[in-house]
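Q: This is the structure alone, sequence omitted:
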């Protein structure tokens, strides 16, 4: 970590409902980790993958037409937290039984649950916040 950096560090960016938003959210995550001195952190790729999954879920299930989602990244020196805020209804859950090889869905939140230290869903009016956290040792 950059010893002259002030903690906590924050990054917020709003993305429109577009396929280009998922790679853009992942790029912001990778850029933020680099700025925070965490580019070579052993879990940086896991975090980027989780952000991609949360952003994809927001676009597919949580962002009504004409709207978008907010990606919020936080780092406090011990923990990196990624939040995706959307205005859609529903409460996402990790599938208990992911579909077979031909199934196209049901694995994203299982992946987030497996890679992150914690994840969850918070309330927002309207919509929800889906988040994941990674401890930085």
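A: Arrived safely, thanks for sending. Because the structure is predicted, anything quoted here is derived from the model rather than measured.
Q: hey, what's residue 133 bridged with?
A: With DSSP bridges as the criterion, residue 133 is bridged to residue 81, residue 118.
Q: Check what pLDDT it gets.
A: The model reports residue 133 with a pLDDT of 98.
Q: For residue 15, see how far away it is.
A: To residue 15, residue 133 is 21 Å away according to CB to CB, to the nearest Å. Placement of C-beta: from N, CA and C, glycine included.
Q: Neighbour count: those two, which is higher?
A: Between residue 133 and residue 15, residue 15 has the larger neighbour count (other CB atoms under 10 Å), namely 20 against 17.
Q: so who does that one touch?
A: Listed by CB atoms under 8 Å, 6 or more residues apart in numbering, the contact set of residue 15 reads 21, 24, 25, 55, 68, 69, 70, 71.
Q: Which of those sits closest to residue 9?
A: residue 71 (14.2 Å; CB to CB).
Q: sorry, back to before: state the pair within the contacts of residue 15 that is farthest apart.
A: 24 and 70 (12.8 Å).
Q: ok, how many other residues are close to the closest residue to residue 17 other than its chain neighbours?
A: Closest residue in space to residue 17, ignoring its immediate chain neighbours: residue 63 at 4.7 Å, by CB to CB, 6 or more residues apart in numbering. Look at residue 63: counted by other CB under 10 Å, it has 23 neighbours.
Q: was I right about residue 63 contacting residue 90?
A: No: under the criterion of CB atoms under 8 Å, residue 63 is not in contact with residue 90, lying 11.6 Å apart.
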